[in-house]
Structure formats: C-alpha cells, structure tokens
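> what's the 3D shape of this:
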Amino acid sequence: MPPHTRRGGRLRILASGPLNTTGLPSLPPELLHEIISYLSSTPIPCLDWHVLSSNYLERSSTLRALSQTCKRFRSVFLALAWEHVEVCASPKVSPLYKFKTRTWPATDSRFRLWSSQLAMDFARELVRQTEIITIRNPVLALFVRTFSVVLSDYSAETLLPEFYRCLSLLPNLETLQVTRAPSSLEKQLRAECLGHTLPSVRTLVLHTNAWPIVKCCPNVERLHLGGVGYHYPSVQEWYQYVPKLRVFVKLPIPWTHISAYVARFPDLVEMPPILVEYCNKMLPLETLRLLLKVGNLQRIDLVADGDRHQQPEVMALVAAAQEVLRQTADLVDGPQKCVTLKDGRGVFKFAI
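Got it, this is the predicted structure:
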C-alpha cells in the first residue's frame, strides 16, 4: 500500500503568520540544539549489526513532531529532522530488546531478532521515507547527511531499485549504514548497484551481506564491515572500487594477509587487527615490517589468544610494531599513534 500523502494545508499555515516568540520557541537555536543532543539516536558508526530498539527513534520522531508545531520550530528543526534518515529501529522492539514474547538480553544474540512482520515493516518504512524526501518534498533530500537502514527481503525485487534510486538523489549524503541484511540479498545488491554511483559518500558502515554497495562509492574513505554473514568477501572482490580508502575496520585478519593489504591499501591510516598466530605459526617479524610500506599508518592492533601479553615473542612483535609506527608519517589530522595488544586478559595500549 502506498503511504498516505499529507495534505499541504497545515504546512502552509505553519509557514505563514507571525513567529512564536514566547516560551520554548524563544530560546536561541544553540540552546535548542543542546537540548536535542540528549535524545537517543542511531550511533554513527553503528556497529551493532541487529535491529535497534524503539528508544533509538526518540530523536527523529521528536524533531519531526517539533518541526510541525510552529514556524519558529520549523525553521530550526526541519533540517535537523531529516539530517539523519533512520530505518534501522523498530517501535515494536522495546528498549530491553523484548519483541513479542521473547527477550534478547545479550548483544551477541540479537542478530537472531527477526520475523516476517519486521521484514515487512522495514520495507514499508523505507518506501515511506524515501518517497517523502525524493517525491513529496525533494527539498528535504538536500538535508540528508546520513542514511541508516535495515534491508529486508520483503518485495526486494521492487524495494532495492527504489533504494538505489533514492540514494542517487541525495547530493549531500556522507554516511551510509546498512546495519542488517539477509544473505539472500547479496546477489540482488550486486546486480542493482550497476549503473549507480554515490560520489558524496565518505563513510560506509555495511553488514557483510551488503558489501556489494562498496562498488557504488568510489570516494569512500572509511569502511566498517561486520556482522554475521553467509559469505565474507575477500578484499580481492572490491578493493579496486575504493582507491581513496584510509580507514578499514573489520574482524581481525590472519597475519598471512598482511602482504595483500600492503599491496592493495598503501594509503591506510588504520587497518584491521592482526592475528599474531595463525595455523600454529607466529607472525614473523619480517612480515610485520612490511607495514613500513603503508606510509600513513597510525595504529597497529595485534590480537593473541590466551594470556600472551608477557610472552617474549609477543612483546617482540609489539616492539617491532612500535618501531614501524615511529617511521610512518605524522599526520596533523590523524589519530594518536599507538600499538594495542588484545589477549585473554584484556586490551593493552603501548604509546609510540
């Protein structure tokens, strides 16, 4: 069913008449923005990889309601209300992550929170919001900076073309987040991305099953890839589409992949964590020193099993990583250089 079209009479009334200069509308915009900042919203980047609860809708629903109350609030809140398009939280999921009769208290189990009803709800909400910003009021498309979405397989054959069409009409879109996507969509996403380019996107946060979207974003600088997926793509499948990539966040990689990353991503500032042991073989020092070829690298994260942070061979790797970072460029706008080691005892940070 197509979404209900709002009549323009109320909006015309809001746009006319004198400004309300008493009470809450009389506060300066800076103070209003400060008040709004305390409302819950989808984090950027959002690395939860599951359906978010209803409390994450607090900011967007409040802003859109306020923008329709008076001319003063409309001038302040309309752009903020559509700065973040959020189709990744459900009003049917309680803040305690209770859906219907079941509760998912553990974060690592919430990827199972799904149903055919949620699939239909998210598909319809995506259609509703994309129609608002591209058909009913195209001016709103200029305000959109981030787009966070749960993709479902409900009517995917018509939903995905509409999704790509909408994204291509957002000239100021900087961040695209797909926090959940079924494995059945990967093939369709790969096919639908052909002919679409999103040149304004600089940050991608993608569920593993949505990785083909990378092909549409030639100017992306930050890529977060995660979530439970049927197929985890190798870098060979997509690295050529992101020549400007500087930050890549994903699950730890085996040390045997270091040479491939050095060859394909020479401009990285941050790279995925490195497993120091793989197939019962420790990371050789000479392999770690290959990272010297990544001249802008500012951080090296090492991951070890068990209680390894005091073992000589592991501490030798930490020292070698520190030496690598001492020889890489010092970026004015980059993060503070450091080496981290994560093992069974926790995360240990080593300054440069």
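> surely Arg246 is in contact with Val294?
No: under the criterion of Cβ atoms under 8 Å, Arg246 lies out of contact with Val294, with a separation of 10.6 Å. Where you see a C-beta, it was placed from the backbone N, CA and C, and this is true even at glycine.
> which residues are common contacts for the two?
Each of 267-268 lies in contact with both Arg246 and Val294 under the rule Cβ atoms under 8 Å, 6 or more residues apart in numbering.
> confidence score at the residue nearest to the spatial centre of the chain?
Per Cα atoms, centre = their mean, the C-alpha nearest to the average position across the chain is that of Val205, at 2.9 Å. We have a pLDDT of 98 for Val205.
> and what of the one 4 residues further on?
We have a pLDDT of 93 for Asn209.
> look up how far Ala65 lies from Leu27.
Summarising the geometry, the distance separating Leu27 from Ala65, computed by Cβ to Cβ, to the nearest Å, is 17 Å.
> no no, Ala316
Distance, Ala316 to Ala65, by Cβ to Cβ: 59 Å.
> Gly346 now?
Computed with Cβ to Cβ, the distance linking Gly346 and Ala65 is 44 Å.
> and for Ser37?
If you measure Ser37 against Ala65 using Cβ to Cβ, the figure is 17 Å.
> can I take it that the residue nearest to the centre of the chain is in a strand?
Yes: secondary structure of Val205 (DSSP: H, G, I helix; E, B strand; the rest coil): part of a strand.
> that one contacts Gln177, doesn't it?
Yes: shown here, Val205 and Gln177 form a contact pair, counting by Cβ under 8 Å, at 4.1 Å.
> so where is the stretch 201-350 of the chain shaky, pLDDT-wise?
Counting by pLDDT under 70, the stretch 201-350 of the chain contains low-confidence residues at 229-231, 309.
> okay, strands next: where are they in it?
Remark: strands assigned in the stretch 201-350 of the chain by DSSP state E, counting those that start in this stretch are 203-207, 222-226, 247-249, 253-254, 274-275, 277-278, 281-282, 299-303, 338-343, 346-351.
> so which of those strands is the most packed in?
By mean neighbour count, with neighbours taken as mean count of other Cβ atoms under 10 Å, strand 203-207 ranks first of those at a mean of 24.
> CA atoms of that one as CSV?
What follows is strand 203-207, C-alpha atoms only, in CSV (Å, rounded to 0.1, in the frame of the first residue of the first chain):
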residue,chain,number,x,y,z
THR,A,203,31.9,6.6,5.2
LEU,A,204,30.4,3.2,4.7
VAL,A,205,29.1,1.0,7.5
LEU,A,206,28.0,-2.2,6.0
HIS,A,207,26.7,-5.6,7.2
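> direction included, what does it pair against?
According to DSSP bridges, the neighbouring strands of strand 203-207, each with its direction, are strand 175-180 (parallel), strand 222-226 (parallel).
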